[in-house]
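S.K.: I would like the atomic coordinates for the input below:
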Amino acid sequence: MKVQRSFGEKLSDAAIVIVNFLVVAVTLYPFLYVVSMSISDPVYAMRQEVFLFPKGFSTEAYKIVFENPDIWKSYYNTVWYTAVGTTISVALTVTAGYVLSRKSFFARTPILFFIAFTMFFSGGLIPAFLIVNDLQLYNTRWAIILPGAVGAFYIIMARTFFEAIPESLQESAKIDGANEMRILVSIMLPLSKPITAVLVLFYAVGYWNSYFSALIYLSDAKLQPLQLYLYKILVKQEMSLMEGVTDQFERALVGAQIKYAAIIVAILPIIFIYPFLQRFFVKGVMIGAIKE
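M.R.: Got it, this is the predicted structure:
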């Protein structure tokens, strides 16, 4: 039996559809604009005549970007920081979340207090720089990874997830002679794929997009990530990508378009990775946010 819907319900549904459409349009437009500018004919890009869809077609900007050795070096650095940093961060976060979820852990409450305290108060940039320098991490790869290896919010989220898993599983494993490490590796980790996927996504995006830490701690250009290289192009207006272009007219024609091509090159890997983790994302966030 078909239920007759009132005019108010139809109106509210229409309003929701319109609002969602506007949100999608506002979110999608900047990305489409950057893509269109990067592949349009350089003449239209220089005149700022591209608004949504490409005008003409040219891949000259991408050719210049990919032929530059500095961007490949920065790309390698970013991939290294993302892969190594995410691995270390997820391992530490999952371990800390599991330990703090155990009600039998005697220091559980004070440690949770100190972790939560860091979410609201910090020592500031200068003390952090002095610590990194005193530990001889300055101008090394580990200066990007170790100072921010663990996020307080992510520890709390992981802890909440582990608390939602019935303790009867752990008690059964202990009866069979398993220790805490065996329980974590053999029982908890296989059950924590949703929250692990969320942590991998959050940390990977954070490392991939990070440029401020590199700006503060890395003076050696050989160690700097892609985002810092992009920052120099977009904010400081450095045109190192144009070093191989000697023709002044071509430099003026393609100069503005190269910035958009560099942006696309920098964000494509994250865009490709996200769909593979999306199925875990919502489930992991919801489970990590609800306490049993």
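S.K.: Show me the shaky parts of the protein.
M.R.: 1-3, 235-253, 277-292 (pLDDT under 70).
S.K.: Excluding covalently adjacent residues, which one is nearest to the residue most central in space within it?
M.R.: The centroid of the chain falls nearest to residue 205 when counting by CA atoms, centre = their mean (1.0 Å). In space, and not counting its chain neighbours, residue 205 is closest to residue 270: 5.9 Å by CB to CB, 6 or more residues apart in numbering. For every residue, glycine as well, the C-beta is placed using N, CA and C.
S.K.: I'd say that neighbour and residue 206 touch.
M.R.: No: contact criterion CB atoms under 8 Å: residue 270 and residue 206 do not qualify, at 10.6 Å.
S.K.: if I pick the residue nearest to residue 205, what's in contact with it?
M.R.: 204, 205, 208, 209 (CB atoms under 8 Å, 6 or more residues apart in numbering).
S.K.: wait, which of those is closest to residue 46?
M.R.: Of all these, residue 46 sits closest to residue 209, with 28.4 Å by CB to CB.
S.K.: Count residues in the vicinity of the nearest residue to that closest one once chain neighbours are set aside, would you?
M.R.: Computed as CB to CB, 6+ apart, the closest residue to residue 209 that is not its neighbour in sequence is residue 227, at 5.9 Å. Number of residues near residue 227 (other CB atoms under 10 Å) recorded here: 22.
S.K.: if I look at residue 227, how far off is residue 103?
M.R.: According to CB to CB, to the nearest Å, residue 227 and residue 103 sit 41 Å apart.
S.K.: Check the secondary structure at residue 190 for me.
M.R.: Each residue gets one of three states, and residue 190 gets helix by DSSP: H, G, I helix; E, B strand; the rest coil.
S.K.: How many neighbouring residues does it have?
M.R.: Residues near residue 190, counting by other CB under 10 Å, number 9.
S.K.: what's the spacing between it and residue 155?
M.R.: Distance from residue 190 to residue 155, by CB to CB: 20 Å.
S.K.: before we move on, what about residue 232?
M.R.: Residue 232 is 34 Å from residue 155, by CB to CB.
S.K.: Could you give me the buried positions within the helix or strand hosting the residue nearest to the centre of the chain?
M.R.: Assigned by DSSP states H and E, residue 205 belongs to helix 193-209. Using 16 or more other CB atoms under 10 Å as the test for burial, helix 193-209 gives 194-204, 206-209.
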